[in-house]
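Engineer: predicted model follows, preceded by the sequence.
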Amino acid sequence: MHGFININKPGGLTSHDVVAQVRRLVGRGVKVGHAGTLDPVAVGVLPMALGSATRLIEYLAAARKGYRGLVRLGSTTATDDTEGDVLETRPVPAFSDEQLEAAVAPLRGEIMQTPPRYAALRQGGRRLYVLARSGQTVEPIPRPVLVEQITWQRQSADLLAIEVTCGKGTYIRSIARDIGVALGCGAHLAGLTRTFVTPFYLEEAVDLTTLQAHPERLDEHLSPPEFVLPDWPAVRLDPEMARRVAHGMTVSLPDLSDQVGDQARAHAPDGSLLAILRRNGTYWQPEKVLVSL
């Protein structure tokens with residue numbers, strides 16, 4: 001069993017919890033991994049890789065992601081979301097639309113973002129949340145992220161709904177926190193739904209409970225491994241070429257000679273994804289061989 005499942009992660013489970021539950025469905029002989037960790041309180045799109053598709057997870061790292069979130073103004077928490085202890089509460093003034101937009105605007109574009117103190121990022125060789133839980137005061141190091149879009153809508157005097165499109169490594173918790181800092185009243189993330197990890201979208205995601213109720217229909221929700229590489233040039237090999245690629249041998253592929261870029265998909269004679277190729281001069285070298293022949 002090889003491919004990706006677009007799972008609608010429920011709240012209350014870690015991404016690793018979902019991996020464990022899917023592993024029970026498919027059996028121990030099938031590798032299972034996930035792309036793009038979601039916090040336990042978050043829900044929404046969690047791409048799950050099975051079998052040889054786990055070797056393609058890295059190609060989803062740079063995928064565009066979309067989120068819907070709720071920002072609660074007037075209180076800060078240790079984790080920048082509802083999981084942490086409340087650190088401070090302040091009155092929420094009657095902000096104008098202009099004031100709210102002025103707080104959000106600097107968070108768009110290529111920005112330097114400070115991760116939450118409770119994050120899985122490593123700093124000094126240890127994960128930030130481990131340092132925070134041990135009582136060590138560590139200031140996370142800001143890092144560059146791309147926030148393509150943030151739109152906001154007032155839900156109530158102390159609640160904003162936001163929609164975010166961003167690149168890898170962006171923390172929506174940090175966006176909520178920074179909105180509160182800019183407004184001077186503090187804020188935290190009160191809810192989060194991931195709406196897409198390109199090319200996986202929430203409208204097409206399957207609930208974990210549905211998979212568990214009908215494990216015999218799991219194949220119906222399985223996309224082929226190449227689903228995450230839709231724009232890559234591809235070639236279907238004849239049996240001899242497929243054998244060479246499967247054994248890691250460099251091959252000449254005239255059909256790819258005019259292709260732009262240094263990577264391509266190689267498919268076996270039956271159409272299944274066999275390998276990821278990288279250009280080596282006028283030849284193509286297998287970079288990842290996904291199945292054996």
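Structural biologist: On my side now, so go ahead.
Engineer: how's the chain carved up into domains?
Structural biologist: 3-63+199-227, 65-192, 232-289 (automatic domain parsing).
Engineer: take the ones you listed and write them to JSON lines, including mean pLDDT and mean neighbour count.
Structural biologist: Placement of C-beta: from N, CA and C, glycine included. Listed next are these as JSON lines, based on pLDDT from 0 to 100; neighbours: other CB atoms under 10 Å:
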{"stretch": "domain 3-63+199-227", "mean pLDDT": "93", "mean neighbour count": "18"}
{"stretch": "domain 65-192", "mean pLDDT": "90", "mean neighbour count": "17"}
{"stretch": "domain 232-289", "mean pLDDT": "91", "mean neighbour count": "16"}
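Engineer: quick one: secondary structure of the residue nearest to Asp255 when sequence neighbours are not counted?
Structural biologist: Counting by CB to CB, 6 or more residues apart in numbering, Asp255 lies nearest to Val235, which is 5.1 Å off, once chain neighbours are set aside. Using DSSP: H, G, I helix; E, B strand; the rest coil, the structure places Val235 in strand.
Engineer: assess the claim that Val235 and Gln259 are in contact.
Structural biologist: No: look at Val235 against Gln259 with CB atoms under 8 Å: they stay out of range, at 9.1 Å.
Engineer: hey, what's in contact with both of those two?
Structural biologist: Here Val235 and Gln259 have no joint contacts, going by CB atoms under 8 Å, 6 or more residues apart in numbering.
Engineer: quick check: longest strand in this structure by residues?
Structural biologist: Using DSSP state E, we find that the single longest strand of the chain is strand 143-156.
Engineer: what about it, distance to the chain center?
Structural biologist: Computed by CA atoms, centre = their mean, to the nearest Å, the chain-centroid distance of strand 143-156 equals 17 Å.
Engineer: could you do stretch 241-249 as well?
Structural biologist: 32 Å.
Engineer: element containing Gln99, please.
Structural biologist: helix 97-104 (DSSP states H and E).
Engineer: ugh, wrong one, Met48
Structural biologist: Counting by DSSP H and E, Met48 is found in strand 43-50.
Engineer: picking that back up, relative to strand 143-156, how tilted is the following helix or strand past the helix holding Gln99?
Structural biologist: Past helix 97-104, further along toward the C-terminus, the next helix or strand under DSSP H and E is strand 109-113. Between strand 109-113 and strand 143-156, the angle comes out at 100 degrees (axes from the mean of the first three to the mean of the last three CA atoms, to 10 degrees).
Engineer: same for strand 109-113, what does it pack against?
Structural biologist: strand 143-156, helix 172-183 (3 or more CB pairs under 8 Å, 6 or more residues apart in numbering; DSSP states H and E).
Engineer: C-alpha coordinates for it, CSV please?
Structural biologist: The C-alpha trace of strand 109-113 is given here as CSV (Å, rounded to 0.1, in the frame of the first residue of the first chain):
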residue,chain,number,x,y,z
GLY,A,109,5.1,39.3,3.3
GLU,A,110,8.7,38.1,3.9
ILE,A,111,9.0,38.7,7.7
MET,A,112,11.2,37.7,10.6
GLN,A,113,9.0,35.7,12.9
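Engineer: leaving out sequence neighbours, find the closest residue to the residue nearest to the spatial centre of the chain.
Structural biologist: Nearest to the geometric centre of the chain sits Gly36, at 2.8 Å (CA atoms, centre = their mean). Computed as CB to CB, 6+ apart, the closest residue to Gly36 that is not its neighbour in sequence is Val197, at 5.2 Å.
Engineer: got it, and Thr14?
Structural biologist: Pro40 is the one closest to Thr14 (CB to CB, 6+ apart), at 5.2 Å.
Engineer: in which helix or strand would I find the residue located most distally from the centre of the chain?
Structural biologist: Going by CA atoms, centre = their mean, the residue of the chain most distant from its centre is Glu240, 37.4 Å out. Assigned by DSSP H and E, Glu240 belongs to helix 239-246.
Engineer: tell me the bridge partners for the residue nearest to Asp255.
Structural biologist: Ala266 (DSSP bridges).
Engineer: look up how far Ser257 lies from it.
Structural biologist: 11 Å (CB to CB, to the nearest Å).
Engineer: related to what we said a few turns ago, could you look up the SS state of the residue nearest to Thr14?
Structural biologist: Relying on three-state DSSP, one would call Pro40 coil.
Engineer: for it, grab phi and psi.
Structural biologist: phi -50, psi -40 (degrees, to the nearest 10).
Engineer: then the longest strand of the chain to PDB, C-alphas only?
Structural biologist: Taking Å, rounded to 0.1, in the frame of the first residue of the first chain, the C-alpha atoms of strand 143-156 are listed here in PDB:
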ATOM      1  CA  ARG A 143      13.700  33.300  11.500                       C
ATOM      2  CA  PRO A 144      12.500  34.300   8.000                       C
ATOM      3  CA  VAL A 145       9.000  33.100   6.900                       C
ATOM      4  CA  LEU A 146       6.700  34.000   4.100                       C
ATOM      5  CA  VAL A 147       3.200  35.100   4.900                       C
ATOM      6  CA  GLU A 148       1.500  35.500   1.500                       C
ATOM      7  CA  GLN A 149      -1.800  36.700   2.800                       C
ATOM      8  CA  ILE A 150      -3.700  37.600   6.000                       C
ATOM      9  CA  THR A 151      -7.300  38.700   6.000                       C
ATOM     10  CA  TRP A 152      -9.200  39.500   9.100                       C
ATOM     11  CA  GLN A 153     -12.800  39.900  10.200                       C
ATOM     12  CA  ARG A 154     -14.100  41.200  13.500                       C
ATOM     13  CA  GLN A 155     -16.200  38.600  15.200                       C
ATOM     14  CA  SER A 156     -16.800  40.500  18.500                       C
END
